[in-house]
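Undergrad: sequence and predicted structure are below.
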Amino acid sequence: MSAVPQSPTEAFPAFCEGIQYFADSYPEIDRLGAAPLLGPDQPALPGTDSDAAVYQTLLAADALRYLTLQITGSKSSGHPGGFASSADAVAALHLLGHRNMVTEVGHHAPGFYSAMFLDTSLEAMGIHTVSEMRARFRERHGLLGHLSGAIPGLLAPAGPLGQGQHFAMAGAYLHRDKLFPVTIGDGGLGEPYIMSAFQHFATAYPDVTNYLPVLVWNGYSQEHHSMVSLWDNARMTAYWRAHGFDEVHMVDARNFADTPDAPVYADSTTFGFAARMAFTSAILKAADAAAQSALSGRRACLIVKQLKGAGVHATGAKSHNLYAHHTLDSDDVKSGLERRALPIAAWKVTRENFRHAGGGPAARVAVTESTRELPSLDGLPLTEFAVGENHIPTTAFGHVVGEVGKRDPLFVVTNADGNEASGMANINKALTIRHPTADDLYFQGPSGQVYEPLNEDACAGLAVGVALFGGRSLWCSYESFAINGLPIWQTVTQAMAELRRPTPATVCLFTAGALEQGRNGWTHQRPEIESYFAAMMRNGNVYPLFPVDANMIQASYDWALKQKNKGIVITASKSPLPIHATMAQSYQAIDDGAMVLKEHKGSHTVVFAVTGDMVLQPVFAAAEKLAEAGIGSRVVAVVNPRRLYRPHDVLWDSVSEPDGRFMGDDTFKALFHGDALIAVSGGPSAPLEPVLLRSQAAQRDVFCWKRGETTASPQQLFDFNGMNAQAMHERALAMLARAAG
C-alpha cells in the first residue's frame, strides 16, 4: 500500500483527493476493469452473468466500504459497521439502475453519502473531493450524522428505527413504474412496526409491489447480538413469507466461504478472490431477480446474510460505532483502510459506473428531486353554516376531505380507529375503506382511498411518506392514540423543513378529544399530545390549529391544503357545537392567529385566551358570571398559535418555504390586553405559551387539563380538572383583587 499513486504516468482523478491509501494492484483489473460497463447510453449493467459485471459490482462494494471508513475515521465518529455488511447489495442495486433507494437504518448514512459522492450528486452541495466529504461529514451545513431531507439524491430521512419501510411503500404507491429498495437492519427488525406495516400494505394494495426490502442480516445490533441472530435460514425465510412476501431471495456469505470452518455469520471480504467473485455474483443475480419480480407484480425481498462490519475496522457490534480513539492513525482504522484500498483504475471505473447508473446522478433522477404535479383543488365546495347553529366540526371537515379524494385519485386518508367513530363516516362513503372484502354496509372495497391498519405508526407512516414524496394525504386519529405515530410524523416534518423542493404539507386531524371520551376513562384521554406539537412550533414549520367550529375547521383544512413543507395539526371535536365565526372570519383568524369571539364591557377587563372548541362552554359561562357582577371580559380564540410568537422565538427563516408572518404588537395588545389574562385549554397549557410570553397583564393564570378520569359527561371532566365556570369566575375575581391591592 501507499499514500500516493504508484505510477507517475497514471492520471490522478481530482475527486480522489483525500483518499488516504491506494492499492498497487487488484486481481484481474486489466481484464475485467479496463472500461466501465455503464455509460451515457447504458444506465444499467448489460447483464448479470458476465465476469465483468460481477467484478465491477465487487469494485463498487469495496469503494463504498472504503469511503465509509475513510469519512467516519476522519471524524472519529459515525457508524461504519452496519452499512459495510450491506455494501454488496447496495452496489448491485445501484449498478442495476435502481436509484430510488431508502433505508430504515439512520446509522447507514455514511455509506449512502458515499454512493451519492461517487455518482456526483454531492457536487450540488459543493462536495467534489473526498477531502471535502471528510471535512463536511457530521458538520453543520454538511453531511448529517443520519440521513435528512437536505442531501441531494437521497429520498428520505432516517432516524429512529422502524420507519424506512413507509417511505419505500409511499414511493411505490405514487410511482408504480420504479423500484424502491429499502435496506433494513436485523437489529431494527425487532421493531414490531416494520413487518406489520408490510403485511397490511400488501393486503390493502396487492397490486403495488414495486418496493424491495433488503434485510441486512448480520447478526448484531448496536451493542450486542441482534434478537434474531439465532434464527436459521429456514425460519427467517418463513418469517418473511408469513408477512406477505411471495419470494424470498437469500444470499448467505457462509455458503461461499473458501474455508471449512467459516462462522454462521461470515465476512465475504476475507475470502479469496474466486470466492468473493462467487458471492458477489450471487448477490447480483438475487438483487436482479428480486427487483424484476417486484416490478412485475410479485412481492419480493432480498436477504443478505453477512457478518456485521465486513471489510471495515472491526466486526460484530464492535464495528457499529467509532469513538475518539478510532483515528485515521489508529491501527484498526488504518489497517481497515489498507485492506480495502483500491488502485486508481478501480476508482475511475467505479465513478463512471455510479455516474451513469439509472440515467444519471441520483440528485437528478431520483423521484424526490423534482416537484410532483398534482390535480387542481381550486374551488373546493365549503359549506358555510349560520352563526348560532349547532353543527359537528368533524362531519363538516369530512365533506371537504371526500371532495379532495374525488379530485385527486392518489390522495390517501389513514385512520387506525375508524372515521365513523370520529363523526366522519362521510369520508368512508365518499372514498371507501380500502379492504380486500367488498361490503357496502361498511363502505369498504379493494379500490378505496381510506387506509385503516390498526396501527398508528402504519397510519402516520404512509400518510407522511406520501406527503414527503409529493402527494396529498391526511392522517386522522384519536389524540389519545396518535402518540404511536408521532415519531415518523416528526421525522418527516423536520425533513420538510430542509427539503430542496416544495411538497404538500403533512396534515393530521385529531378528533375525539379527552372531553368526549369520559366513559372510556383515562385510557382514551391523552390531550398531552398537544404539548408535542407546541414544542415543535419553534422548529419553524409546524402549525397546530384549533378551529372553534364547523366553519373554521373547513377553512383550516382549505388553508392546510395550500401549504408546502409544513406540518399542520388540526384538533377538533366530534360533538355538535355552536357556530361562532363566519367563513371570512375563520380565514382571517387562521391568518392572524386569533380572533375575538365575545366581548363584554365592564369596570375591568378579564381576557380569556382559549385553544379548543368544547372548552369554550365553561369560558362563556364564566364570562356571563363576570358580566352579572359588572366586570368586563373578552374571549379570544387562539386558532393558530404559531402566528402569535415573536419572530425571534421561532426558527422560521431557517426552513425551506419560510413563513415569516407573526402577529404585530398593536394587534396583539388589542386582542389580549386587559386587567387579567386567563389562558384556557382543554389540553395542556403549552400551545398558549406565545400568549403568556407576550402578555403584559400583571395578573396571568392558566386553566388546563391535568389528567383523565372515568366520567359520564364533559362537565364532570371539567369539574374533576378544576376547569368549570365557577372556578374560572372565582379565579378572575381573585386576580382582579390582587391587581387592585
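TA: Sure, I can see it. Everything numeric in this text was worked out from a predicted model, so none of it was measured.

Undergrad: list the buried residues of stretch 243-254.
TA: Neighbour-count burial for stretch 243-254, counted by 16 or more other Cβ atoms under 10 Å, picks out H243, G244, F245, E247, V248, H249, M250, V251, D252, A253, R254. C-beta here means a position set from N, CA and C on the backbone, and glycine is covered the same way.

Undergrad: ok but V569 is inside a strand, no?
TA: Yes: assigned with DSSP: H, G, I helix; E, B strand; the rest coil, V569 falls within a strand.

Undergrad: show me what it bridges to in the sheet.
TA: On the basis of DSSP bridges, V569 is bridged to C508, P544.

Undergrad: who's in contact with it?
TA: V507, C508, F510, F533, V542, Y543, P544, L545 (Cβ atoms under 8 Å, 6 or more residues apart in numbering).

Undergrad: what's the closest of these to A560?
TA: Distances from the contacts of V569 to A560 were compared by Cβ to Cβ; the smallest belongs to V507, at 4.7 Å.

Undergrad: count the residues that sit near the closest one.
TA: 26 (other Cβ atoms under 10 Å).

Undergrad: circling back to that earlier point, from the buried residues of stretch 243-254, which two are the most distant?
TA: G244 and R254 (27.4 Å).

Undergrad: could I get the buried residues of stretch 243-254 as JSON lines with secondary structure?
TA: Below are the buried residues of stretch 243-254 laid out as JSON lines (three-state DSSP):
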{"residue": "H243", "secondary structure": "coil"}
{"residue": "G244", "secondary structure": "coil"}
{"residue": "F245", "secondary structure": "coil"}
{"residue": "E247", "secondary structure": "strand"}
{"residue": "V248", "secondary structure": "strand"}
{"residue": "H249", "secondary structure": "strand"}
{"residue": "M250", "secondary structure": "strand"}
{"residue": "V251", "secondary structure": "strand"}
{"residue": "D252", "secondary structure": "strand"}
{"residue": "A253", "secondary structure": "helix"}
{"residue": "R254", "secondary structure": "helix"}
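
Undergrad: L69: which of these is nearest?
TA: A253 (19.0 Å).

Undergrad: name the element the residue positioned nearest the centre of the chain belongs to?
TA: For the chain, the residue nearest the mean C-alpha position is V492 (3.0 Å; Cα atoms, centre = their mean). Per DSSP states H and E, V492 falls inside helix 486-496.

Undergrad: give the rounded mean pLDDT of that helix.
TA: Per-residue pLDDT values over helix 486-496 give a mean of 95.

Undergrad: elements contacting that helix?
TA: helix 456-468, strand 506-511, helix 529-536, strand 567-571 (3 or more Cβ pairs under 8 Å, 6 or more residues apart in numbering; DSSP states H and E).

Undergrad: of all these, which one is nearest A290?
TA: helix 456-468 (21.3 Å).

Undergrad: re the thing from before, I'd like the buried residues of stretch 243-254 as a markdown table, with pLDDT and distance to P576 appended.
TA: Below are those laid out as a markdown table (pLDDT from 0 to 100; distance: Cβ to Cβ, whole Å):
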| residue | pLDDT | distance to P576 |
| --- | --- | --- |
| H243 | 94 | 43 |
| G244 | 93 | 42 |
| F245 | 97 | 47 |
| E247 | 98 | 52 |
| V248 | 98 | 53 |
| H249 | 98 | 56 |
| M250 | 98 | 57 |
| V251 | 98 | 60 |
| D252 | 98 | 62 |
| A253 | 98 | 64 |
| R254 | 97 | 66 |
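
Undergrad: G632 and K601 touch, don't they?
TA: Yes: applying Cβ atoms under 8 Å as the test, G632 and K601 come out as touching, 5.0 Å apart.

Undergrad: higher neighbour count, these two?
TA: G632 (18 against 11).

Undergrad: what sits against the more buried one?
TA: Under the criterion of Cβ under 8 Å, 6+ apart, the neighbours of G632 are E599, H600, K601, G602, S603, H604, T605, V606, L626.

Undergrad: restricted to helices, list those.
TA: Residues of the contacts of G632 located in helices (DSSP state H): L626.

Undergrad: of all the contacts of G632, which two lie farthest apart?
TA: The largest separation in the contacts of G632, counting by Cβ to Cβ, is between E599 and S603 at 14.3 Å.

Undergrad: out of these two, which sits in the more crowded spot?
TA: E599 (14 against 10).

Undergrad: so who does the more buried one touch?
TA: G632, S633, R634, V635.

Undergrad: and which of those is nearest to K178?
TA: Distances from K178 to those, taken by Cβ to Cβ, are shortest for V635, at 52.8 Å.

Undergrad: can you map out the helices along the stretch 51-200 of the chain?
TA: Taking DSSP state H, counting those that start in this stretch, the helices of the stretch 51-200 of the chain run over residues 51-75, 81-84, 87-95, 109-118, 130-136, 164-174, 193-204.

Undergrad: what's the most buried one of those?
TA: helix 81-84 (a mean of 32; mean count of other Cβ atoms under 10 Å).

Undergrad: touching it from outside, list them.
TA: 64-65, 68-69, 90, 105, 107-108, 110-112, 185, 187, 216, 218, 220, 308-312, 314-321.

Undergrad: for I29, give me its contacts.
TA: With Cβ under 8 Å, 6+ apart, I29 has these contacts: P343, A345, A346.

Undergrad: ditto for F672
TA: Shown in contact with F672 (Cβ under 8 Å, 6+ apart): A594, V607, A609, V636, V691, R694, S695, A697.

Undergrad: which of those fall in helices?
TA: Using DSSP H, the contacts of F672 in helices are V691, R694.

Undergrad: ok, and the most crowded of the contacts of I29?
TA: Neighbour max across the contacts of I29 (other Cβ under 10 Å) = A346, 24 neighbours.

Undergrad: which secondary structure elements does the helix or strand that it is a member of contact?
TA: Following DSSP H and E, one finds A346 within helix 344-356. Applying 3+ Cβ pairs under 8 Å, 6+ apart, we find helix 344-356 packed against helix 51-75, helix 87-95, helix 109-118.

Undergrad: same list (these) but as TSV, adding distance to P487.
TA: Output for those, formatted as TSV (distance: least, Cβ to Cβ, whole Å):
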stretch	distance to P487
helix 51-75	25
helix 87-95	25
helix 109-118	18
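
Undergrad: quick one: E624 is in a helix?
TA: Yes: according to three-state DSSP, E624 belongs to a helix.

Undergrad: ok, back up a step: pLDDT and distance to G683 for the contacts of E599 - can I get that in CSV?
TA: Shown next, in CSV, are the contacts of E599 (pLDDT from 0 to 100; distance: Cβ to Cβ, whole Å):
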residue, pLDDT, distance to G683
G632, 97, 27
S633, 97, 22
R634, 98, 22
V635, 98, 18
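
Undergrad: just these now: which is nearest H94?
TA: Closest to H94, out of all of these and judged by Cβ to Cβ, is V635, at 59.9 Å.

Undergrad: and the closest one, how many neighbours?
TA: Counted with other Cβ under 10 Å, V635 comes out at 22.

Undergrad: ok, now which ones touch it?
TA: Contacts of V635 by Cβ under 8 Å, 6+ apart are V596, L597, K598, E599, F608, V610, L616, V619, F620, A623.

Undergrad: mind redoing it with 6 Å?
TA: L597, K598, F608, V619, A623 (Cβ atoms under 6 Å, 6 or more residues apart in numbering).

Undergrad: hey, what's it bridged with?
TA: K598, F608.

Undergrad: thinking again about what came up before, could you export the helices and strands packed on helix 486-496 as CSV, including mean pLDDT?
TA: As requested, the helices and strands packed on helix 486-496 are exported to CSV (pLDDT from 0 to 100):
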stretch, mean pLDDT
helix 456-468, 95
strand 506-511, 94
helix 529-536, 93
strand 567-571, 97
